[in-house]
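Participant: Provided below for reference: sequence and predicted model.
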Amino acid sequence: YNALANHRRYPRYVNTLTSLNLYADACSHAIGWCVVGGSLVNPLYANSSLVPLNQCSWSIVRKEHLALERGLESLYQLLTGDFFPFSTTRRIGVFTDSLIVKQRVDKILRRLRDDTEGNKACKIPKSWSAWEFNHSLKAARLLLDIAEAMPQLAQGPPVVLFEHCPGALNIADPFSRGLDPAVVDIENAQAWLDSIHQGKARSSTDVVNLVVSGPDQAEEEHSLFH
């Protein structure tokens with residue numbers, strides 16, 4: 001750590017006015033996540049923690065769930081505190097390299113969108129364990145909380161992008177493995193992130209529109225997730 005701290009220099013200014021991005025990852029023995037602005041060379045917040053001994057035998061997918069969940073909790077705390085300057089142009093990106101986790105959380109997000117009576121979202125899907133359901137539901141609700149914590153954008157409702165990230169471009173990978181962050185191909189990772197925010201790399205299957213009800217907009221539908 002000291003060697004890296006002494007030799008690796010980063011710009012002090014981090015631009016968070018246009019985008020804020022969370023990456024989460026896990027390996028067999030640890031989980032990690034990091035928050036960056038629009039430029040990946042400017043890490044803003046990073047965390048790495050060992051998996052407790054009683055959880056070491058869990059599957060990688062479960063650990064990926066935990067990494068995403070802890071990362072979302074941290075991002076929400078940052079957004080609701082005084083950590084970032086006010087911005088009406090900021091978009092949020094949330095990325096995991098686990099397709100299984102992505103699909104599970106997407107399923108719950110769609111249930112929350114379609115559930116008008118509050119019953120369907122609370123039912124455990126067939127073949128899911130209670131653990132998988134509870135943690136998918138928690139991640140989905142955290143995504144909703146993050147969207148609601150954002151100010152109205154200058155050109156429309158808040159935008160939170162929840163996407164699957166290729167493993168080789170996941171900049172949280174080194175933090176979950178205790179590696180030098182420089183092992184990630186930053187150039188290609190930056191190009192991929194830019195294409196996501198420009199709408200070039202997103203597929204129609206990733207679109208989740210959620211209804212936000214408030215005192216004056218009970219029937220108004222906002223596209224919070226893309």
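Facilitator: Yep, it's here.
Participant: what sits against the residue most central in space within the chain?
Facilitator: Among the residues of the chain, the one closest to the centroid is residue 94, at 2.6 Å (Cα atoms, centre = their mean). Shown in contact with residue 94 (Cβ atoms under 8 Å, 6 or more residues apart in numbering): 21-22, 24, 68, 71-72, 75, 143, 146, 160-163. Every C-beta, even on glycine, is put in place using the N, C-alpha and C of the backbone.
Participant: What strand or helix carries it?
Facilitator: Assigning secondary structure by DSSP states H and E places residue 94 in strand 91-96.
Participant: Show me what secondary structure element comes after that strand.
Facilitator: helix 99-114.
Participant: Can you check what angle separates that following helix from strand 91-96?
Facilitator: 130 degrees (axes from the mean of the first three to the mean of the last three Cα atoms, to 10 degrees).
Participant: Just the CA coordinates for the helix or strand just after helix 99-114, please, in CSV.
Facilitator: Sequence-wise, the next helix or strand downstream of helix 99-114 (DSSP H and E) is helix 130-149. Extracted C-alpha coordinates of helix 130-149, given in CSV (Å, rounded to 0.1, in the frame of the first residue of the first chain):
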residue,chain,number,x,y,z
ALA,A,130,-35.5,-16.5,0.7
TRP,A,131,-31.9,-15.2,0.9
GLU,A,132,-31.8,-14.5,-2.8
PHE,A,133,-35.2,-12.7,-2.8
ASN,A,134,-34.5,-10.6,0.3
HIS,A,135,-31.1,-9.3,-1.0
SER,A,136,-32.5,-8.7,-4.5
LEU,A,137,-35.4,-6.8,-3.0
LYS,A,138,-33.0,-4.7,-0.8
ALA,A,139,-30.8,-3.8,-3.8
ALA,A,140,-33.9,-2.8,-5.8
ARG,A,141,-35.2,-0.6,-3.0
LEU,A,142,-31.8,1.0,-2.6
LEU,A,143,-31.8,1.8,-6.4
LEU,A,144,-35.2,3.4,-5.9
ASP,A,145,-34.0,5.4,-2.9
ILE,A,146,-31.0,6.6,-4.9
ALA,A,147,-33.3,7.8,-7.7
GLU,A,148,-35.6,9.6,-5.3
ALA,A,149,-32.6,11.3,-3.6
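Participant: buried stuff in helix 130-149?
Facilitator: 132-133, 135-140, 142-144, 146-147 (16 or more other Cβ atoms under 10 Å).
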